[in-house]
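Visitor: whatever this is, show me its structure:
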Amino acid sequence: MISRLLALAGVAVTLIGVAMLLVLAAQAGFFGPVPRVIAGAALSAVLLAAGVRVFQRTGGRVGGIALAATGIAGAYLDVVAVTAIYHWLHPVLGLAVAFGVATAGVGLAMRWRTQPLAVLVVLAAAALSPVVTTRVVLLAFLIVLQLVCVPVQLTRNWPYLHVARTLPAVLATFGFVAGAVLGTPAAGVRTWVLVAAVAVALVGITGTIVVVRHRPADLTASLTMAAALVPMLLAPGMYSERHIAVSVASIAAAVLLLVAAVSMAPKVNELVRIPGHTALVAAVAGSIAALEACVGVTETRTLPTALLLVALVFLGVAGQRTSRPAAGLGAAFAVLGGLALLSVASPEVLASPNLSEANLGVATLLGATLALAVIAVAMWCARRLPGPAAGSAWPWIAASVAGLYAVTTTTVSLGVVTGTPNGFLLGHSAATILWMAAATSALLFGLRTLADAPAVAKLALGSGLLVTAAALAKLFLFDLATLDGLVRVVAFLVVGILLLLAGTRYARAFADAGTGNAPDGTATTVTKRTEEPDDSGRAS
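Guide: Residues are numbered from 1 along each chain as shown. Below is the predicted model:
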């Protein structure tokens, strides 16, 4: 342990000295550019040669790794300085040389079968490159380090190298993106930062897929992929132009959701072999990008429609493929869409004719209609997914409450959209009638399945009675005070008739159950044993 600590300290101090030689000496005017670069390259070569020699000796593993890592990292810093400070090399040529230096270092680590050498080379070069330059070209040199280590993971299970190659590029790109979001950089700088964010994300996705194809249980690869996607997800915030931000977010969402969808297609996944944890990371990141696109492309009134459409797709896929992650993402979008709809069509808006006319329209009508569709698909999905939620009453209660509110929003919005003088009143009257119709349907369904499926019947009857109570409460607490004339008469008459129908059918069903008849009115066979005397006088 002491030898390793001393070696690490030596690596750090030596590389700091190389950075000072390349940067601070230039700032102070010591030596000329050529002597500084030649001195740095010569020192790196000597350290690398000494490392190779020491590693071959007995007990020289620690010292050899430290010397070789220092030499290779010093050479990398020399290339960064030649490209970014002195501009002796074109950036493309400088990146190519840097790629070669990093490849040599990682290749030596593979030959020596030592993960610490590869990690030291990458971390040392990445940590001191910002000392040499803080311009956007720095991101390119860090991405080179991220890229050059991808092939290593095919033959070596080196999880620490995953982290070492990913985090420097991610953190630096995140810093540039955050600076562009908070500041006002030039258009050219934003473009290069966006290119860097895309490159970091693509290298992260490609590297992870390459690794998990051979080692499906490698969670580190999926976690580093998640980290590599962070700058890309923040990149749309750099642009005040809505169309650019939406385009970036939409493309990111399409690519990531496509990666996640591959795991749900058995024939395609046999070729690609993407494990569940990698698909989950792609799905979550793609959902975040889709959320950004929805927010960017819509306004306050149309946002619920976009969110609920995405929720409908996720829930449909979840029910078709019995996928819990897709169901969770669909539920999240459904909640967000419901909250967005609630912010537009709040209870205060629905209760006031003036506010309803000012805030409700075609957008809220479409959003409320989609909310009803989402509720229906969510209930279908909940029944298909295995688990306690399929037989629990809480999802049905939540769906009933949300459905009642969505029905009210739909009818009131429709009444306002039609432009009739009593549109608001007609909408509320229709909402009350639909509430009671839904309650009656649930009660009749529960009574019909009472003998065959008692658990389902109990759930339907409970929901129907709750909705009945809600419809009566609305009828007497709101409609009686708000509605007037023929509208109020129609509401009371229809609700009353439905109540009579439900009450009559309810009483008949339980009376039939008590006398042994089926709920549909047919008699059931009851075998009754009687005791009658036979010829011998004994009871049979």
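
Visitor: for the helix or strand harbouring Ala470, give the mean pLDDT please.
Guide: Using DSSP states H and E, Ala470 sits in helix 454-474. Across helix 454-474, the average pLDDT comes to 82.

Visitor: cool, and stretch 316-323?
Guide: On average, stretch 316-323 scores 90.

Visitor: which other helices and strands contact the helix holding Ala470?
Guide: When contacts are defined as 3 or more CB pairs under 8 Å, 6 or more residues apart in numbering; DSSP states H and E, helix 454-474 packs onto helix 394-418, helix 423-448, helix 485-515. Every C-beta, even on glycine, is put in place using the N, C-alpha and C of the backbone.

Visitor: the shortest one to helix 454-474, inter-axis angle?
Guide: Counting by axes from the mean of the first three to the mean of the last three CA atoms, to 10 degrees, helix 394-418 points 40 degrees away from the direction of helix 454-474.

Visitor: orientation of helix 394-418 relative to helix 423-448 in degrees?
Guide: Going by the same axes, to 10 degrees, helix 394-418 makes 150 degrees with helix 423-448.

Visitor: mind telling me which residue is nearest the centre of this structure?
Guide: The residue lying closest to the centre of the chain (CA atoms, centre = their mean) is Val284, at 2.2 Å.

Visitor: list the contacts of that residue.
Guide: Ala226, Leu329 (CB atoms under 8 Å, 6 or more residues apart in numbering).

Visitor: so it versus Arg215, what's the distance?
Guide: To Arg215, Val284 is 21 Å away according to CB to CB, to the nearest Å.

Visitor: again with Ala260
Guide: For Ala260, the distance to Arg215 equals 20 Å [CB to CB].

Visitor: between these two, which is the more surrounded one?
Guide: Taking neighbours as other CB atoms under 10 Å, Ala260 and Arg215 compare with Ala260 leading, 25 against 15.

Visitor: now mean neighbour count, mean pLDDT and distance to Leu234 too, for the helices and strands packed on helix 454-474, in JSON lines please.
Guide: Shown next, in JSON lines, are the helices and strands packed on helix 454-474 (neighbours: other CB atoms under 10 Å; pLDDT from 0 to 100; distance: least, CB to CB, whole Å):
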{"stretch": "helix 394-418", "mean neighbour count": "20", "mean pLDDT": "88", "distance to Leu234": "32"}
{"stretch": "helix 423-448", "mean neighbour count": "22", "mean pLDDT": "87", "distance to Leu234": "43"}
{"stretch": "helix 485-515", "mean neighbour count": "15", "mean pLDDT": "79", "distance to Leu234": "52"}
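
Visitor: the residue nearest to the centre of the chain: helix or strand, and which one exactly?
Guide: helix 276-297.

Visitor: can you give me the mean pLDDT across that helix?
Guide: 94.

Visitor: phi, psi for Gly74 please.
Guide: phi -60, psi -40 (degrees, to the nearest 10).

Visitor: and it, how many neighbours?
Guide: Neighbourhood size, Gly74 [other CB under 10 Å]: 30.

Visitor: quick one: Leu360 and Ala345, what's the gap?
Guide: From Leu360 to Ala345 the distance is 6 Å (CB to CB).

Visitor: same drill for these two, tell me which one is more crowded.
Guide: Ala345 (29 against 26).

Visitor: in space, what's closest to the more buried one - neighbours in sequence excluded?
Guide: Of all residues not flanking Ala345 in the chain, Thr409 sits nearest, at 4.6 Å (CB to CB, 6 or more residues apart in numbering).

Visitor: list the contacts of the one you found.
Guide: Leu341, Ala345, Leu350, Leu360, Thr364, Gly367, Ala368, Ala371.

Visitor: distance of it from Ile274?
Guide: 40 Å.

Visitor: for the chain, what helix or strand is lowest in average pLDDT?
Guide: helix 25-28 (a mean of 55; mean pLDDT, DSSP states H and E).

Visitor: gap between the following helix or strand past it and the chain center?
Guide: Using DSSP H and E, the helix or strand that follows helix 25-28 in sequence is helix 33-55. When C-alpha coordinates are averaged (CA atoms, centre = their mean, to the nearest Å), helix 33-55 and its chain have centres 48 Å apart.

Visitor: now for helix 33-55, which elements pack on it?
Guide: Going by 3+ CB pairs under 8 Å, 6+ apart, helix 33-55 lies up against helix 2-19, helix 25-28, helix 61-84.

Visitor: where among those is the average confidence lowest?
Guide: It's helix 25-28: among the helices and strands packed on helix 33-55, that one has the lowest mean pLDDT, namely a mean of 55.

Visitor: roughly how far apart are Ala265 and Gly276?
Guide: 14 Å.

Visitor: then Val495?
Guide: From Val495 to Gly276 the distance is 50 Å (CB to CB).

Visitor: hmm, Val489 and Leu480 touching each other?
Guide: No - counting by CB atoms under 8 Å, Leu480 stays clear of Val489, with 11.4 Å between them.

Visitor: please name the residues that touch the nearest residue to Gly427 once chain neighbours are set aside.
Guide: Once flanking residues are discounted, Gly427 sits nearest to Gly415: 3.0 Å by CB to CB, 6+ apart. Shown in contact with Gly415 (CB under 8 Å, 6+ apart): Asn422, Gly423, Phe424, Leu425, Leu426, Gly427, His428, Ala430.

Visitor: between these, which sits nearest Val177?
Guide: Gly427 (46.9 Å; CB to CB).

Visitor: contacting residues for that closest one?
Guide: Taking CB under 8 Å, 6+ apart as the test, what Gly427 contacts is Thr408, Thr411, Val412, Ser413, Leu414, Gly415, Val416.

Visitor: outline the domain layout of this protein.
Guide: 1-134, 165-297, 298-403, 420-518 (automatic domain parsing).

Visitor: my read: Val248 touches Leu194, true?
Guide: Yes - judged on CB under 8 Å, Val248 makes contact with Leu194 at a distance of 7.0 Å.
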